[in-house]
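Peer 1: quick one: sequence plus predicted model below, questions after.
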Amino acid sequence: MNEYIPLQAEITDIDRVTSDSYLITLQILDDVEFDYRPGQFIMVSVFGLGECPISIASSPTRGRLQICIRRAGKITSGIMDSMIGDVLGVRGPCGNGFPLGTMRENILIVGGGSGFATLRGLINYIVDKRDDFGEVAVVYGARTSQDLYFMQEYKGWQREGIKVGITVDVGDESWTGNVGMVTSLLDKIKISPGSAAMCGPPVMINAVAAKLMSMGFYRSEIYVSMERHMKCGIGKCEHCTVGPYHVCQDGPVFSYDKVKDWL
Amino acid sequence: MIALISKEDMVPFLQAVSRKMEVVAPVMDQGTPAYVTWKGQPLALEGENPLVSPVKLLYPQREVLFRYIQECGSYTFEEPEQKARLILGVRPCDMQALKVLDSLLYPEPTDQAYQNRRRSAVIAAVSCVDPGVGCFCAQIGSGPECKEGCDLLFTDLGPRYLVETFSPAGVLMLKEHPEFFTPATRSHLQEKERLLKEAREKIVQARPWISREGMAEAIKNADWKSLGERCLSCGGCSFICPVCHCFSIYDQGVPDGERVRCADSCILSGFSRMTSGANPRPDPGQRLCNWYLDKFEYTPQKTGHLGCVGCGRCNRVCLSAIDRWSQEVLK
């Protein structure tokens, strides 16, 4: 089998998430089992433009494959310009995903910006398997209130007993919530130490990790989903290396103690 | 199995082989040796190792991974087929490079494009009895003798070659062409050992300060800031390295076209840069340090083999003329 040949996936639904981001639902057309774990990603192709890694934004418990795309470069623009019924290439699922088997009952989820897409999959997984988890809190920050992802889902998460804290870097008249870094929310939300799952810019990750360790979290139990430039997604092209690790194969989820020197 | 073939018989032997498969061998091309499809030219098996490694025949700098063909909105895919060929004249350092690539590209998920090319080639290596001035394979442990991995091994014994077989494909090659080969004896093997001992001494004498064990310490002590200031980030060292295998992938053609793999280099400034503009290795010194670390620390951790085979090609192409295996750099 040639690992570079993708499966074909039809776009079955497109939802606007923010002014420059879409939530796209894909239906795999090939006759194969496509099973994935929260935190994994796929390599998405627009034939003629190329292929890039995109995190899976859905939970496998809901029987759908969704990705959240922000217009950033050539290929993401190509995906956003596609229409319902168009066929994209999909390889994967790639990477390890969050280590749900070894994570503790109490989980804190911290997201920044578009990094929240991969965490949505994890949150909805927890919602669907709520009895397997204890105290769960979500802390999420974006640049402005217009940049917040999945706003209509927060209430549903809260109904499942998940604490949700939202903050923006820059407030405006329409925003009545918190303004400031996600770290400023960590004091306000009461959480007991457990495992943490994070995805966002390196500055945020380092600041939040330092804060969490001061709150009693172990650095080996702070899981970070890393972003790197990727080409192959199967650990061969060497674009995504951090030290001895390939983010595409050994990651994208690493415990903070493993990768703190390379953030 | 061991045998002898006279140098005059090499041309008819290769002619016989080339009736069944493509033969690739080093010949003189505008004054320098290069691997080309052999069509009867005089062979250039002696002297300096060609600048472009024969590894690039099996892991090309540009290759089509598959073709995509669109029909009514969905796609069909076609994979390129590989033809059988004999690659003659592969030096021990390049054989070791193939071994490292095997250990990186074969494990699941297997790089099928590489495996297909690799498996369709018969490899006839040559012992390096006449090493180049920049070689340090003996210190690294990859030469000048070839101990495994090839199908056939040729050793230059003056008027003739000693031929040793290392695989069933190698044995078959000899059995299919018995008219060119005569029996060899232990004395021929002893002669080979003597020549390789001399070659080994010559290599070690040229750069006695290099050792596998000393590399970790040398990388720790190297002045990456000043090396980074001299490095032009052209990527030449890794494009020419037989072990370096970084690649990029791009599409060519709409609505039908090809997905192409091409060589890339971790020395280039944009290699790790993300769409956001964030670059984990923005400094040339950092990238050069990562190049050494990958060869002497990360690749050994992953595969048990060094990521350097001591061929010295990186020095031959460096635009800044950085002698990266000098005593000055490897303090």
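Peer 2: Nice, I can see it.
Peer 1: okay, helices next: where are they in chain B?
Peer 2: Along chain B, counting by DSSP state H, helices occupy B:7-18, B:55-58, B:92-105, B:112-119, B:137-140, B:168-175, B:186-206, B:215-221, B:224-230, B:236-240, B:284-293, B:299-303, B:313-317.
Peer 1: could you list the domains of chain B?
Peer 2: Chain B breaks down into these domains under automatic domain parsing: B:2-206, B:215-317.
Peer 1: can you tell which of the ones you listed is closest to A:Val138?
Peer 2: Closest to A:Val138 of the domains of chain B is domain B:215-317 (CB to CB; 23.4 Å). (Each C-beta comes from the backbone N, C-alpha and C, glycine too.)
Peer 1: endpoints of the closest one, how far apart?
Peer 2: Terminal residues of domain B:215-317 lie 22 Å apart, using CA to CA, to the nearest Å.
Peer 1: do stretch B:219-230 as well
Peer 2: Using CA to CA, the end-to-end distance of stretch B:219-230 comes to 17 Å.
Peer 1: distance of the residue lying farthest from the centre of chain B relative to B:Lys331?
Peer 2: The C-alpha centroid of chain B is most remote from B:Cys72, which lies 43.5 Å away (CA atoms, centre = their mean). Going from B:Cys72 to B:Lys331 by CB to CB, to the nearest Å gives 64 Å.
Peer 1: who are the contact partners of residue 38?
Peer 2: Just so you know, I chose chain A. A:56, A:59-60, A:97-98, A:100, A:118, A:121-122, A:125 (CB atoms under 8 Å, 6 or more residues apart in numbering or on different chains).
Peer 1: wait, chain B was what I had in mind.
Peer 2: Counting by CB under 8 Å, 6+ apart, B:Trp38 has contacts B:14, B:18, B:23-25, B:27, B:88.
Peer 1: which of those lies closest to A:Leu7?
Peer 2: Closest to A:Leu7, out of all of the contacts of B:Trp38 and judged by CB to CB, is B:Val24, at 36.1 Å.
Peer 1: may I have the beta-bridge partners of that closest one?
Peer 2: Here B:Val24 sits in beta bridges with B:Thr37, B:Ile87, as judged by DSSP bridges.
Peer 1: my read: it touches B:Thr37, true?
Peer 2: Yes: taking contacts as CB atoms under 8 Å, B:Val24 lies within contact range of B:Thr37: 5.9 Å.
Peer 1: more neighbours: which of those two?
Peer 2: Per other CB atoms under 10 Å in any protein chain shown, whichever of B:Val24 and B:Thr37 has more neighbours is B:Val24, with 22 against 12.
Peer 1: state the distance from that one to chain A.
Peer 2: According to CB to the nearest CB, to the nearest Å, B:Val24 stands 24 Å off from chain A.
Peer 1: can you pull the contacts of that residue?
Peer 2: B:Val24 is in contact with B:35-38, B:54, B:57, B:85-88, counting by CB under 8 Å, 6+ apart.
Peer 1: hang on, A:Thr76 packs against A:Glu51?
Peer 2: No: if you go by CB under 8 Å, A:Thr76 and A:Glu51 don't touch, sitting 11.5 Å apart.
Peer 1: looking at the two, which is more packed in?
Peer 2: A:Glu51 (26 against 22).
Peer 1: surely that one touches A:Lys74?
Peer 2: No: the criterion here is CB under 8 Å, and A:Glu51 misses it with A:Lys74 at 10.9 Å.
Peer 1: what about B:Gln82, how many residues nearby?
Peer 2: B:Gln82: 15 neighbours (other CB under 10 Å).
Peer 1: now it: how far from chain A?
Peer 2: B:Gln82 is 12 Å from chain A, by CB to the nearest CB.
Peer 1: gap between the residue nearest to that residue when sequence neighbours are not counted and chain A?
Peer 2: Excluding its sequence neighbours, the residue lying closest to B:Gln82 (CB to CB, 6 or more residues apart in numbering or on different chains) is B:Ser120, at 4.3 Å. Applying CB to the nearest CB, the value for B:Ser120 to chain A is 15 Å.
Peer 1: what sits against B:Ser120?
Peer 2: Neighbouring residues of B:Ser120 by CB under 8 Å, 6+ apart: B:82-85.
Peer 1: tell me the phi and psi of A:Glu238?
Peer 2: Per-residue torsions, A:Glu238: phi 70, psi 10 (degrees, to the nearest 10).
Peer 1: touching, it and B:Ile267? I think so.
Peer 2: No: counting by CB under 8 Å, A:Glu238 sits too far from B:Ile267 to count as a contact (11.6 Å).
Peer 1: tell me, what's touching these two both at once?
Peer 2: When CB under 8 Å, 6+ apart defines a contact, no residue borders A:Glu238 and B:Ile267 alike.
Peer 1: how about the residues of chain A near chain B?
Peer 2: Residues of chain A lying near chain B by CB under 8 Å from any CB of the partner chain: A:1-5, A:8, A:29, A:45, A:47-51, A:72-73, A:76, A:85-87, A:89, A:201-202, A:227-229, A:231-232, A:234-244, A:262.
Peer 1: pull out the buried members of those residues.
Peer 2: With burial judged by 16 or more other CB atoms under 10 Å in any protein chain shown, the buried subset of the residues of chain A next to chain B is A:3-5, A:8, A:45, A:47-51, A:72, A:76, A:87, A:89, A:201-202, A:227-229, A:231-232, A:234-242, A:262.
Peer 1: helices - which of these land there?
Peer 2: If you go by DSSP H, those have A:76, A:202 in helices.
Peer 1: quick check: residues of the stretch 201-331 of chain B near chain A?
Peer 2: So far as CB under 8 Å from any CB goes, the stretch 201-331 of chain B lies against chain A at B:245-251, B:253-255, B:257, B:259, B:261, B:264, B:266, B:271-276, B:278, B:280, B:290, B:293-294, B:297-298, B:301-302.
Peer 1: re the thing from before, dump the helices of chain B to a markdown table, plus mean pLDDT and mean neighbour count.
Peer 2: Converted to a markdown table, the helices of chain B look like this (pLDDT from 0 to 100; neighbours: other CB atoms under 10 Å in any protein chain shown):
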| stretch | mean pLDDT | mean neighbour count |
| --- | --- | --- |
| helix B:7-18 | 95 | 16 |
| helix B:55-58 | 96 | 21 |
| helix B:92-105 | 97 | 24 |
| helix B:112-119 | 93 | 18 |
| helix B:137-140 | 94 | 24 |
| helix B:168-175 | 95 | 16 |
| helix B:186-206 | 95 | 15 |
| helix B:215-221 | 90 | 14 |
| helix B:224-230 | 93 | 14 |
| helix B:236-240 | 96 | 22 |
| helix B:284-293 | 94 | 20 |
| helix B:299-303 | 94 | 16 |
| helix B:313-317 | 95 | 19 |
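Peer 1: got the ones you listed as JSON lines, with distance to A:Asp81 columns?
Peer 2: Shown next, in JSON lines, are those (distance: least, CB to CB, whole Å):
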{"stretch": "helix B:7-18", "distance to A:Asp81": "51"}
{"stretch": "helix B:55-58", "distance to A:Asp81": "38"}
{"stretch": "helix B:92-105", "distance to A:Asp81": "35"}
{"stretch": "helix B:112-119", "distance to A:Asp81": "30"}
{"stretch": "helix B:137-140", "distance to A:Asp81": "51"}
{"stretch": "helix B:168-175", "distance to A:Asp81": "51"}
{"stretch": "helix B:186-206", "distance to A:Asp81": "58"}
{"stretch": "helix B:215-221", "distance to A:Asp81": "46"}
{"stretch": "helix B:224-230", "distance to A:Asp81": "40"}
{"stretch": "helix B:236-240", "distance to A:Asp81": "34"}
{"stretch": "helix B:284-293", "distance to A:Asp81": "34"}
{"stretch": "helix B:299-303", "distance to A:Asp81": "39"}
{"stretch": "helix B:313-317", "distance to A:Asp81": "42"}
